[in-house]
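Novice: Kindly return the folded structure for what I paste below:
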Amino acid sequence: MRPVVLSGRLQAVASMVSQGSLVCDVGCDHGYVSIYLVEHRISPHVLAMDVRKGPLAAASLHVAERGLGIWIETRLSDGLHNYSIGEADSLICAGMGGRLMMRILGEERQKTESFRELILQPQSEVEQFRTWLREQSYWITMEQIVEEEGKFYPMMRVEPRGRQGDCDRRKDPVWVGDLHVMLAQILQDETDESEMLWKLCDRYGGYLLAQRNCTLQAYLEREERVYGEILQRLQEQELSTDKNRRRYSEVEALLRENKIAQEIAGRLRERGGSYGYDQD
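Specialist: Modelled structure (predicted):
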């Protein structure tokens, strides 16, 4: 039987798992990521869990068909409820909404913090999800973004800050290469640069900005076009209501922040570097 082939999105998720890690895949669906990790010798053992009986039964069948039952265990579980601390080094949580992921990670915090790394790919509420991670003292150590069938999928590798010791800003993409100084030059004292930079990092990803990531640039350009079209439609309606005027101001602010992010990426390109991070 041929090895399983993953979509670009799931391939990127799997590539973030550290070599040799025992893995817990929450929301494993049909088990393809778990199978890929074992077949490619990235993980010696995977615990594939899902809250839905149908997909979990399909995952169990796929595992059995490939003779991987020794290395992959399937388990019915709502989030981490049926997981025990110490069973895995790495947690994968991908392909679900950001709000649901916040619930899964937050409701059993002791289990979540026991992992060495968390590979996370929220499908929605991405900015709120990154903000939540930061406020809950998780450390984003790697980010990637993939475009697939016209949609953009950001993902990240995360560690509890307690595993890092004290926050080392020299390793934080927000501060690497004095990105905050660059932003201050762009803003020209109009806005608090630290507040704006955290906003941009939560919305677009600090590592992706620091990498001058090509896929992020494509996303920013598409977002700029969408915001421009919304503003044009609102102008055509002559901003006749308070609701339209408020919406116009909101989108105008989003467009301005988008252009600031693009200017940061443009200045990085002019310098010919990515502050120590590899370009996509």
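
Novice: hey, let's count contacts and neighbours off CA atoms from now on
Specialist: Fine.

Novice: List the buried residues in stretch 194-212.
Specialist: 194, 196-212 (16 or more other Cα atoms under 10 Å).

Novice: again, but for stretch 235-248
Specialist: Applying 16+ other Cα under 10 Å to stretch 235-248 flags N244, R247, Y248 as buried.

Novice: so which strand or helix has the first one?
Specialist: Following DSSP states H and E, one finds N244 within helix 242-271.

Novice: residues in contact with the residue lying closest to S60 once chain neighbours are set aside?
Specialist: Counting by Cα to Cα, 6 or more residues apart in numbering, T74 is the residue found nearest to S60 once chain neighbours are left out, at 6.2 Å. T74 is in contact with L47, A48, M49, L56, A59, S60, counting by Cα atoms under 8 Å, 6 or more residues apart in numbering.

Novice: Which of those sits closest to Q136?
Specialist: M49 (24.3 Å; Cα to Cα).

Novice: Take the contacts of T74 and keep only those in helices.
Specialist: L56, A59, S60 (DSSP state H).

Novice: rewinding a little: could I get the buried residue list for the helix holding N244?
Specialist: Buried residues in helix 242-271, counted by 16+ other Cα under 10 Å: 244, 247-248, 251-252, 255, 257-262, 264-265, 268.

Novice: what do you get for stretch 141-152?
Specialist: Using 16+ other Cα under 10 Å as the test for burial, stretch 141-152 gives T141, M142, E143, Q144, I145, V146, F152.

Novice: what does stretch 4-13 give?
Specialist: Neighbour-count burial for stretch 4-13 [16+ other Cα under 10 Å]: R9, L10, A12, V13.

Novice: Distance to L68 added to the residues you listed, as JSON lines?
Specialist: Below are the buried residues of stretch 4-13 laid out as JSON lines (distance: Cα to Cα, whole Å):
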{"residue": "R9", "distance to L68": "23"}
{"residue": "L10", "distance to L68": "20"}
{"residue": "A12", "distance to L68": "22"}
{"residue": "V13", "distance to L68": "21"}
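
Novice: With respect to R130, which of these is nearest?
Specialist: Closest to R130, out of all of the buried residues of stretch 4-13 and judged by Cα to Cα, is V13, at 16.7 Å.

Novice: wait, the closest one sits on M155?
Specialist: Yes: counting by Cα atoms under 8 Å, V13 touches M155, with 7.1 Å between them.

Novice: so what sits against both of these two?
Specialist: Joint contacts of V13 and M155 (Cα under 8 Å, 6+ apart) are I119, L120, Q121.

Novice: Columns pLDDT on top of those residues, output as a markdown table?
Specialist: As requested, the shared contacts of V13 and M155 are exported to a markdown table (pLDDT from 0 to 100):
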| residue | pLDDT |
| --- | --- |
| I119 | 98 |
| L120 | 98 |
| Q121 | 97 |
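
Novice: what bits of the stretch 151-280 of the chain have low per-residue confidence?
Specialist: Flagging of the stretch 151-280 of the chain using pLDDT under 70 yields the residue ranges 162-193, 239, 271-280.

Novice: I'd like the distance between R212 and I145.
Specialist: Separation of R212 from I145 (Cα to Cα, to the nearest Å): 12 Å.

Novice: In three-state terms, label T74 for me.
Specialist: strand (DSSP: H, G, I helix; E, B strand; the rest coil).

Novice: Which of the buried residues of stretch 235-248 lies at the shortest distance from G31?
Specialist: Using Cα to Cα, the buried residues of stretch 235-248 come closest to G31 at R247, 42.5 Å.

Novice: what are the ranges of the strands in the stretch 51-200 of the chain?
Specialist: 72-76, 90-96, 117-122, 138-148, 151-160 (DSSP state E, counting those that start in this stretch).

Novice: Direction included, what does the shortest one pair up with?
Specialist: Here strand 72-76 is paired, per DSSP bridges, with strand 46-50 (parallel).

Novice: For the strand it pairs with, buried residues please.
Specialist: V46, L47, A48, M49, D50.

Novice: Roughly how far does the residue located most distally from the centre of the chain sit from E147?
Specialist: Among residues of the chain, the one most distant from the C-alpha centroid is S240; the distance is 38.7 Å, by Cα atoms, centre = their mean. Using Cα to Cα, S240 is found at 38 Å from E147.

Novice: just to revisit the earlier point, and the shared contacts of V13 and M155 as TSV, adding neighbour count and distance to Q110?
Specialist: Below are the shared contacts of V13 and M155 laid out as TSV (neighbours: other Cα atoms under 10 Å; distance: Cα to Cα, whole Å):
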residue	neighbour count	distance to Q110
I119	24	17
L120	22	18
Q121	27	21
